[in-house]
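my questions concern the predicted model and sequence given below.
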Amino acid sequence: MDRLLGRSTLRRHLTLAVLGMLVVVVVLESTGPFRNAQFASMAYYGIAGAGLTILIGLNGQISLGHGAFMAIGAYTAALMLQGGDPLPLPVILLAAALVTLVAGAVVGVAAARLHGPYLAGATLALAVAVPGIPVYFSGTLGGEQGLNVRVPDIPPWFADAVFFVTGQDMSRSRYLGYLGWFCLVVTFVLLANLARGRVGRTWRAVRDNEVAAELAGIDLGRARVLAFVVSATCAGLAGGLLALSARIAAPSGFTLTLSLLLLSAIVLGGLGTLTGALIGAAMLTFVPQLVTGLGQDLGLTDVRAAELAPLTYGLVTMLVVLFAPAGIVGGIRAAAARRRAVKTSGTSKEARKDEAMDEIRGVTGDRHPGGGVRRG
Amino acid sequence: MAAETGFEMSGVTVTFGGLVALSDVSLAVGPNQVLGVIGPNGAGKTTLFNVACGFVRPDEGRLRWRGTELRALRPHQLAGHGIARTLQDLGLFDRMTVLENVLVGATRHARTSFWSGLFALPRHGRDERALTERAMAMLDELGIADVARRPVASLPYPVRKRVALARALAGDPDLLLLDEPASGLSNDEMAEIGELIGRLTARMSVMLVEHHMDLVMSVCHDIVVLDFGKVIARGGPDEIREHPAVLDAYLGEDVG
């Protein structure tokens, strides 16, 4: 892997980003509007999940309130898109991220003082309270009905450029797919840079042992607030994309369920890994539809079939927690480590077992879901 | 009492509720000196260390470090001033590798900002390489460079103990507080620790809390004996060995 991608962090991540973007182009161009829209949802779930998995997996702070941050980003974007002549979309998405960054900083300062269940409770309150704000300020924020969002026209240069490469005209849902996945790739590169560098190491040190981290010269409060802000900013960007994809920002889109689904998705994928966040996002996007379709094929009524999705989701969560507590990514890595250990010849069985255990500990240790909750 | 440039505590008193943990404790560590702090369990040794590294703020008394007074500083700020400490329970970052543990210890020497890390600028890469070199040198000095890439949780206790020491040393401290460096080690390993402390005095001052009297007597220049939060004796190893109050309170018949 190192030889393939180079040793420089940036070059490595940029290579992966370019490869990822190529896959995105192929997938979006070879699928229709419905799938395009699904991929756009997967992108914003992926971005929000990535931010959350960094916070919980690397820094050990739990948040049950990331849906609230998505709401802040979504409403920011929706408000800026209200007029007849809105600013360019990148500016709007950046603004959504920045406004949420400020909100994240405020909440983060409070969060830095709380541990474990108290932090979970406080962020839970946030998730419950924020959807009430638009109802209260229904004049500017549209009340229960929310704000409708009109997706701006596709920039001609972009449509032309894509046509030049693919020979296909750009549809609106495909445009949103591109926008979402471009944001996802940029976010992932930046988060991967952080995770691999000194900042990520500082976060993990704080997660593993606060006393020792402080003695090593780490300002605990600063490290925690920083992680919270980075995480919330991702959620804000994701919220902005969600408003565009859903064409609406309404309180019903940001219920507590959203926050909890996001949390369960990254636990399923594997806490602390960006790949895990992506897997979780794919499950959030595709499982409900898949299961509902299956149910209809088996002759269930539409209502009953729709009820299968949360049921399946709950079952999958239980199975993963039982059989792969480190999530899907963690489980795969541990299995790979075992295989490698078995293949190693000429060593005693005991030594091989030790080696495997090392690898598993090394891997799962970093990603164990239980590790996310700090003991207060 | 000691050279101006060292670490001084004067009249430090700490109470927890009604309990007096430290009462009017004064001590000093000169440059390149080793000060031993001994005393029976519950004598206040750990509290003394917690005061020295900023976890506990004394009710009364002052701390001076290289001639300036340390006021209300948090542990991470004291780390920036070159005061490092090991923990009795090691306090390793268990889900990180040996090298990463030691790299965190070198935080004081990190030079790049959040932003250069976010964009993985070449500056950040250079800084990381410099830190890694520093950390590897420390691992080399302690003879554990070969396990640098292993997760610390997988290593035997004596090796973990060295990792904790390497992490404390990675910040190039001027004052090192060692909390029970010999506990859980074999005699050979203890001798090595003793040798190491001797070597370290060339570049720093050391304060040592330790139960193994052989080690304390062989490496310390000065010893302070605590009992019930009070200093009951102080002096060189020879004086302490013969001190009646010490024999009475702490060493008992073991040394007699």
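Alright, I've got the coordinates. Residues are numbered from 1 along each chain as shown, chains lettered A, B, ... in the order given.

for stretch A:22-35, measure first residue to last.
Between the opening and closing residues of stretch A:22-35 we find a distance of 17 Å, counting by Cα to Cα, to the nearest Å.

quick one: buried residues of that stretch?
Residues of stretch A:22-35 classed as buried: A:V24, A:V25, A:L28, A:E29, A:T31, A:R35 (neighbour count, 16 or more other Cβ atoms under 10 Å in any protein chain shown). Every residue, glycine included, has its C-beta placed from N, CA and C.

those in helices, which ones?
Using DSSP state H, the members of those that fall in helices are A:V24, A:V25, A:L28, A:E29, A:R35.

which of those residues lies closest to chain B?
Taking Cβ to the nearest Cβ as the measure, chain B lies nearest A:V24 of those, at 21.6 Å.

so for A:L322, what's the pLDDT?
The predicted local confidence for A:L322 comes out at a pLDDT of 85.

element containing it, please.
Mapping A:L322 onto the secondary structure by DSSP states H and E places it in helix A:302-323.

can you list the residues that contact that helix?
Under the criterion Cβ atoms under 8 Å, 6 or more residues apart in numbering or on different chains, residues A:261, A:264, A:267-268, A:283, A:287-289, A:291-296, A:300, A:327-328, A:331, A:369 lie in contact with helix A:302-323.

surely B:L63 is in a helix?
No - secondary structure assignment (DSSP: H, G, I helix; E, B strand; the rest coil) places B:L63 in strand, not in a helix.

please look at it and B:A72 and confirm they touch.
No - with contacts defined as Cβ atoms under 8 Å, B:L63 does not count as touching B:A72, sitting 10.2 Å away.

longest helix anywhere in chain B?
The helix that spans the most residues within chain B, counting by DSSP H, is helix B:122-141.

and the helix or strand following that one, what does it pack onto?
Heading C-terminal from helix B:122-141, the first helix or strand you meet, by DSSP H and E, is helix B:157-170. Applying 3 or more Cβ pairs under 8 Å, 6 or more residues apart in numbering or on different chains; DSSP states H and E, one finds that helix B:157-170 contacts strand B:83-85, helix B:98-105, helix B:122-141, strand B:175-179, helix B:187-200.

residues touching the last one, excluding its own?
Spelled out, it's helix B:187-200. Identification of contacts with helix B:187-200 by Cβ under 8 Å, 6+ apart yields B:34, B:142, B:158, B:165, B:169, B:176, B:178, B:181-182, B:185, B:206, B:208, B:212, B:214-215, B:218-219.

report the inter-axis angle for that helix versus helix B:157-170.
When axes from the mean of the first three to the mean of the last three Cα atoms, to 10 degrees is applied, the directions of helix B:187-200 and helix B:157-170 differ by 10 degrees.

tell me the mean pLDDT for stretch A:268-280?
94.

identify the residues contacting that stretch?
A:45-46, A:49-50, A:52-54, A:56-58, A:188, A:191-192, A:195, A:262, A:264-267, A:281, A:283, A:316-317, A:320, A:326-331, A:366-369, A:371-372.

tell me which element the residue nearest to B:F228 when sequence neighbours are not counted is part of?
Residue nearest to B:F228 in three dimensions, not counting chain neighbours: B:A43, with 6.6 Å by Cβ to Cβ, 6 or more residues apart in numbering or on different chains. Here B:A43, judged by DSSP H and E, is contained in no helix and no strand.

ok, now which ones touch B:A43?
B:A43 makes contact with B:L226, B:D227, B:F228, B:G229, B:Y250 under the criterion Cβ under 8 Å, 6+ apart.

redo those as a markdown table? Include neighbour count, pLDDT and secondary structure.
As requested, the contacts of B:A43 are exported to a markdown table (neighbours: other Cβ atoms under 10 Å in any protein chain shown; pLDDT from 0 to 100; DSSP: H, G, I helix; E, B strand; the rest coil):
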| residue | neighbour count | pLDDT | secondary structure |
| --- | --- | --- | --- |
| B:L226 | 27 | 92 | strand |
| B:D227 | 19 | 90 | strand |
| B:F228 | 15 | 90 | coil |
| B:G229 | 23 | 91 | coil |
| B:Y250 | 21 | 62 | helix |
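
among those residues, which two are most distant?
Comparing every pair within the contacts of B:A43 by Cβ to Cβ identifies B:G229 and B:Y250 as the most remote, at 13.8 Å.

which residues sit against stretch A:159-179?
By Cβ under 8 Å, 6+ apart, the list of residues contacting stretch A:159-179 from outside reads A:24-25, A:28-29, A:33-34, A:36-37, A:39-40, A:43, A:89, A:93, A:151, A:154, A:158, A:241, A:244-245.

typo on my end, stretch A:103-116
Applying Cβ under 8 Å, 6+ apart, the set of residues contacting stretch A:103-116 from outside is A:61-63, A:65, A:69, A:72, A:119, A:122-123, A:126, A:220-221, A:224-229, A:231-233, A:235-236, A:373-376.

quick check on those: which are buried?
Using 16+ other Cβ under 10 Å as the burial test, those include A:61-63, A:65, A:69, A:72, A:119, A:122-123, A:126, A:220, A:224-229, A:231-233, A:235-236, A:373-374 as buried.

surely A:A96 is within a helix?
Yes - when classified by three-state DSSP, A:A96 is found to be part of a helix.

so who does it touch?
Shown in contact with A:A96 (Cβ under 8 Å, 6+ apart): A:I72, A:G73, A:A74, A:T76, A:A77, A:M80, A:G236, A:L237, A:G239, A:G240, A:A243.

kindly report the same for B:I232.
For B:I232, the contacting residues are B:G39, B:V225, B:L226, B:A245, B:V246, B:A249, taking Cβ under 8 Å, 6+ apart as the criterion.

most neighbours among those, please name it.
Neighbour counts for these peak at B:L226, which has 27 neighbours (criterion: other Cβ atoms under 10 Å in any protein chain shown).

surely it touches B:G36?
No - under the criterion of Cβ under 8 Å, B:L226 lies out of contact with B:G36, with a separation of 10.8 Å.

contact residues of the stretch 151-256 of chain B facing chain A?
Along the stretch 151-256 of chain B, the residues adjacent to chain A under the rule Cβ under 8 Å from any Cβ of the partner chain are B:P151, B:A153, B:S154, B:R167, B:A168, B:G171.

need the max-distance pair from the residues you listed.
The largest separation in those, counting by Cβ to Cβ, is between B:S154 and B:G171 at 24.8 Å.

neighbour count winner among the two?
The neighbour count for B:S154 versus B:G171, taken as other Cβ under 10 Å, is higher for B:G171 (25 against 21).

against A:A71, how distant is the spatially closest residue to that one that is not a sequence neighbour?
The spatial neighbour of B:G171 that comes closest, neighbours along the chain excluded (Cβ to Cβ, 6+ apart), is B:R108 at 4.3 Å. Remark: distance between B:R108 and A:A71 (Cβ to Cβ, to the nearest Å) = 40 Å.

more crowded one of the two?
Higher neighbour count among B:R108 and A:A71: A:A71, with 32 against 18, using other Cβ under 10 Å.

what is the mean pLDDT for the host helix or strand of that one?
Per DSSP H and E: A:A71 is located in helix A:66-80. Here the mean pLDDT over helix A:66-80 is 97, rounded to a whole number.

what are the buried residues along that helix?
Neighbour-count burial for helix A:66-80, with 16+ other Cβ under 10 Å as criterion, is recorded at A:66-80.

which secondary structure elements does that helix sit against?
Packed on helix A:66-80, when contacts are counted by 3+ Cβ pairs under 8 Å, 6+ apart, are helix A:33-53, helix A:89-111, helix A:116-129, helix A:138-141, strand A:147-148, helix A:220-246, strand A:248-249, helix A:256-269.

thank you, goodbye.
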